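**Student:** Build me a structure from this.
(2 chains)
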Amino acid sequence: MSKSLFDKVWDSHVVRSIADGPDVLYIDRHLIHEVTSPVAFVGLESRGLSVLYPQRTFAVADHNTPTINQHLPVKDPLSANQLKTLETNANKYGISHWGLGHENNGIVHVVGPENGITLPGATIVCGDSHTSTHGAFGAIAFGIGTSEVEMVLTTQCIMQPKPKKMRISVNGALHKGVTPKDVGLYIISKLTTSGATGYFVEYAGDVFENMTMEGRMTVCNLSIEMGARGGMVAPDEKTFDYIKGRPKTPKGADWDKAMAYWKTLKTDDDVVFDKELTFDASDIEPMITYGTNPGMGMGISNNIPTAESVEGGKATYDKSLAYMGYAENDQMIGKKIDYVFIGSCTNGRIEDFRAFASIVKGRQKADNVTAWLVPGSHVVEAKIKEEGLLDIFEEAGFVLREPGCSACLAMNDDKVPAGKYAVSTSNRNFEGRQGPGSRTLLASPLVAAAAAVTGVVTDPRELL
Amino acid sequence: MAYDKFTTLTSTAVPLPIENVDTDQIIPARFLKATKREGFGDNLFRDWRYNGDNTPKQDFVLNNPIYKGKILLGGKNFGSGSSREHAAWAVYDYGFRCVVSSFFADIFKNNCLNIGVLPVQISPEFATEIFEAIYADANTELEIDLEKQTITLLSSGTQESFDINGYKKGNMLNGFDDIDYLQSMKNEIETFTESRPF
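**Tutor:** Presented below is the predicted three-dimensional model:
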């Protein structure tokens, strides 16, 4: 029977299929962080259970970590306690732990691929919805709740019904200045935040075939923002080149064996998807969001759409625009902004900082802008220095911070004050996401850079 | 973590007719710093419920004493966003045992089922009827029967059936969770592990 990429990977991980119930799905790789794992350890201990395969779980501190002075003790006692709890649990059960200050530390979804934890054909879960990032490698990767973290720790399995399958193809060539982030925001704006709920997405077509691994990670990362459980791209030579030789990828004969398997991971020709969508790359321009969910995005040169033209209730739409301090039909170009954040598991990789540098090079940070440049990992941070990007940033008046989730969800001190506007390369513009009362405009690193040097929302194509 | 069995529930409901309520609203990230599962109900809808100085926002429904009960009636696409189970914990800890909506986000729904909160998905028309009935009379009761998979608006007798898979239904009716089940499969899982290429 012909199968999709998703079918092939999912079906090969089913330990048992329960009639009128979920599949028992085997998990190859489990990532944990300090926020969603502590209660899972409390749970397993209260049941008198232990960790079944500690070598399949990897602990990384990221959500709570400060992005300056990481060598000093963490000031917030609650954050410090969570970080310490992660370390204690990892050590107690023999789980690898990359805590604050470790050379491999960074955002869990950035360091997983960097270190070869992420592999094609694997099942990967983490108590974080942006686990979908790892789908860029042809893995089935998605976020789980803490009860499921406990399940994976104790049995290496979770129980979930198999999602339906959707294929999203984007064909043609992207215009100059249009990045993977714009492709993601464009698709979400078309589908809404619930348009892919119940589905697992495969991304296909020219645009994804030509996209870098970093770009594929950005798009797969955003899959959850349209409600999908996850998204994936079939592995190809680019994928294999990326993972080859990384610390935790298979070596020697194991690599050859794995490659033979990985090359089978593509959707068979005659597969019928539950839903199939196709977009034209030339319709996409640099995107920006104007509301309080990621589906409220638009081409940067457009005006804010009217309530009637967007899906959803008028009351919800009005509430959203009132929160943002915007009105229907407003132009976004020229709107004053206060903060710029480049980083997160969506856009915290080296390619994103190269894009940011391409615009700020030879220009100066606008005086009214506070900018947070937060690399996704120490590896990214090192590359930024090695490639000379740090010099460009510093000459333009920017400061590079240390890695972590940072202002994406503002669990640390990187909070946007109430009422202030932030152009952010992260993934969510929910009310208060970047600090109580903060107002978020999601965009690509190019749009963020253009805003950072002009102090207002600016079409990056004018500065390229 | 064990939870109380869910069989039938007859209760008034708290109406929250906002669409796309995300888990950052249900529980903002800055309240996720606990290492134990306790007290999350205090911060349910924190920023909609309280001002910056911690005084209650009088126009928010949880601060309106006429609306109470063990059922939360939400707008479409309830629980979108983050996978934080803390959102489901906050709902449960506050005292809700059931969330009713015309559409749920996937991970939130799954988390609810894992901790003993029953997500009941109904038609948009029925949701509108229930909202209107509650606004007409806050004492309007809903009856949810998990065994029969029905939800009834008692004032009008309007009834709909809802979906839940047989396995999860059995868990909810008995107060079991997935770990009980998975533990019974240990040998099967160990054999499966040996076949994994990496």
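
**Student:** wait, does the longest helix anywhere in chain B make contact with chain A?
**Tutor:** Assignment by DSSP state H gives helix B:124-136 as the longest helix of chain B. No - in terms of CB under 8 Å from any CB of the partner chain, no part of helix B:124-136 sits within range of chain A; the closest distance is 10.3 Å. C-betas here are computed from N, CA, C, even on glycine.

**Student:** which helices and strands does that helix pack with?
**Tutor:** strand B:8-16, strand B:71-74, strand B:98-101, strand B:150-153, strand B:158-161 (3 or more CB pairs under 8 Å, 6 or more residues apart in numbering or on different chains; DSSP states H and E).

**Student:** what about the next helix or strand along the chain from that helix, distance to the chain center?
**Tutor:** Proceeding N to C from helix B:124-136, the next assigned helix or strand is strand B:141-145, under DSSP states H and E. How far strand B:141-145 lies from its chain's middle: 15 Å, per CA atoms, centre = their mean, to the nearest Å.

**Student:** Contact partners for the closest residue to chain A within chain B?
**Tutor:** Nearest to chain A, among the residues of chain B, is B:Y167, at 2.7 Å (CB to the nearest CB). Taking CB atoms under 8 Å, 6 or more residues apart in numbering or on different chains as the criterion, B:Y167 is in contact with A:I18, A:D20, A:G21, A:P22, A:M159.

**Student:** hmm, back to that, would you turn the helices and strands packed on helix B:124-136 into CSV with mean neighbour count, distance to chain A and mean pLDDT?
**Tutor:** Below are those laid out as CSV (neighbours: other CB atoms under 10 Å in any protein chain shown; distance: least, CB to the nearest CB, whole Å; pLDDT from 0 to 100):
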stretch, mean neighbour count, distance to chain A, mean pLDDT
strand B:8-16, 19, 11, 98
strand B:71-74, 26, 12, 98
strand B:98-101, 24, 11, 98
strand B:150-153, 20, 18, 98
strand B:158-161, 14, 15, 98
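
**Student:** Name the residues that touch stretch B:180-193?
**Tutor:** Against stretch B:180-193 from outside (CB under 8 Å, 6+ apart): A:15-16, A:24, A:26, A:49, A:52-53, A:151, A:154-157, A:159, B:171.

**Student:** Please repeat the previous calculation with a cut-off of 6 Å.
**Tutor:** Residues outside stretch B:180-193 that contact it (CB atoms under 6 Å, 6 or more residues apart in numbering or on different chains): A:V15, A:Y26, A:M151, A:T155, A:C157.

**Student:** mind listing what's buried in that stretch?
**Tutor:** Neighbour-count burial for stretch B:180-193 flags B:Y181, B:L182, B:M185, B:I189, B:F192, B:T193 (criterion: 16 or more other CB atoms under 10 Å in any protein chain shown).

**Student:** looking at the helices and strands packed on helix B:124-136, which is closest to A:N329?
**Tutor:** strand B:8-16 (29.0 Å; CB to CB).

**Student:** Tell me which helix or strand comes right after that closest one.
**Tutor:** Remark: after strand B:8-16, the chain's next helix or strand is helix B:23-26, criterion DSSP H and E.

**Student:** so how far is the helix or strand just after that following helix off the chain centroid?
**Tutor:** Next helix or strand after helix B:23-26 toward the C-terminus (DSSP H and E): helix B:46-49. Distance, stretch centre to chain centre, for helix B:46-49: 18 Å (CA atoms, centre = their mean).

**Student:** pLDDT on helix B:46-49, on average?
**Tutor:** Average pLDDT, helix B:46-49: 97.

**Student:** what's in contact with it?
**Tutor:** Applying CB under 6 Å, 6+ apart, the contact partners of helix B:46-49 are A:G432, A:P436, B:P28, B:F60, B:L62.

**Student:** how about those residues in a markdown table, adding pLDDT and distance to A:G397?
**Tutor:** Converted to a markdown table, the contacts of helix B:46-49 look like this (pLDDT from 0 to 100; distance: CB to CB, whole Å):
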| residue | pLDDT | distance to A:G397 |
| --- | --- | --- |
| A:G432 | 97 | 29 |
| A:P436 | 96 | 28 |
| B:P28 | 96 | 32 |
| B:F60 | 98 | 42 |
| B:L62 | 98 | 45 |
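
**Student:** State the pair within the residues you listed that is farthest apart.
**Tutor:** A:P436 and B:L62 (17.5 Å).

**Student:** got a list of what residue 82 touches?
**Tutor:** Since no chain was named, I'll use chain A. A:E34, A:N64, B:K33.

**Student:** meant chain B actually
**Tutor:** B:S82 touches A:S129, B:T23, counting by CB under 6 Å, 6+ apart.

**Student:** Am I right that it is in a helix?
**Tutor:** No - counting by DSSP: H, G, I helix; E, B strand; the rest coil, B:S82 falls outside a helix, being coil.

**Student:** how many neighbours does A:E276 have?
**Tutor:** 14 (other CB atoms under 10 Å in any protein chain shown).

**Student:** Can you tell me the SS state at it?
**Tutor:** strand.

**Student:** Isn't it up against A:M166?
**Tutor:** No - in this structure, A:E276 is not within contact of A:M166 by CB atoms under 6 Å, at 7.2 Å.

**Student:** What parts of the stretch 251-400 of chain A come near chain B?
**Tutor:** A:N293, A:G312, A:G313, A:T316 (CB under 6 Å from any CB of the partner chain).

**Student:** report the longest strand in chain A, please.
**Tutor:** Ranked by residue count, the top strand of chain A under DSSP state E comes out as strand A:164-171.

**Student:** Show me what the very next helix or strand once past that one is in contact with.
**Tutor:** Next helix or strand after strand A:164-171 toward the C-terminus (DSSP H and E): helix A:180-191. Helix A:180-191 has contacts (CB under 6 Å, 6+ apart) with A:211, A:215, A:218-219, A:222, A:225-226, A:284, A:286-287, A:294-295, A:297, A:347, A:444.

**Student:** now for those residues, which pair is the farthest apart?
**Tutor:** Farthest pair in the contacts of helix A:180-191, by CB to CB: A:M211 and A:G295, 21.9 Å.

**Student:** Neighbour count: these two, which is higher?
**Tutor:** Between A:M211 and A:G295, counting by other CB under 10 Å, A:G295 is the more crowded of the two (27 against 22).

**Student:** The more buried one looks like it's in a strand, true?
**Tutor:** No - under three-state DSSP, A:G295 falls outside any strand and is assigned coil.

**Student:** that older thread, export the contacts of A:Q82 to CSV and tack on pLDDT?
**Tutor:** Shown next, in CSV, are these (pLDDT from 0 to 100):
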residue, pLDDT
A:E34, 98
A:N64, 94
B:K33, 95
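
**Student:** export these to JSON lines and tack on neighbour count?
**Tutor:** Shown next, in JSON lines, are the contacts of A:Q82 (neighbours: other CB atoms under 10 Å in any protein chain shown):
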{"residue": "A:E34", "neighbour count": "28"}
{"residue": "A:N64", "neighbour count": "26"}
{"residue": "B:K33", "neighbour count": "19"}
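
**Student:** measure stretch A:108-121 end to end?
**Tutor:** Terminal residues of stretch A:108-121 are spaced 19 Å apart (CA to CA, to the nearest Å).

**Student:** Now that stretch: average pLDDT?
**Tutor:** 98.

**Student:** Mind listing residues that contact that stretch?
**Tutor:** Under CB under 6 Å, 6+ apart, the answer for stretch A:108-121 is A:9, A:29, A:31, A:33, A:58, A:60, A:62, A:104, A:130, A:133-134, A:137-138, A:235, A:243, A:246-249, A:262, A:265, A:345, A:348, A:376-377, A:379.
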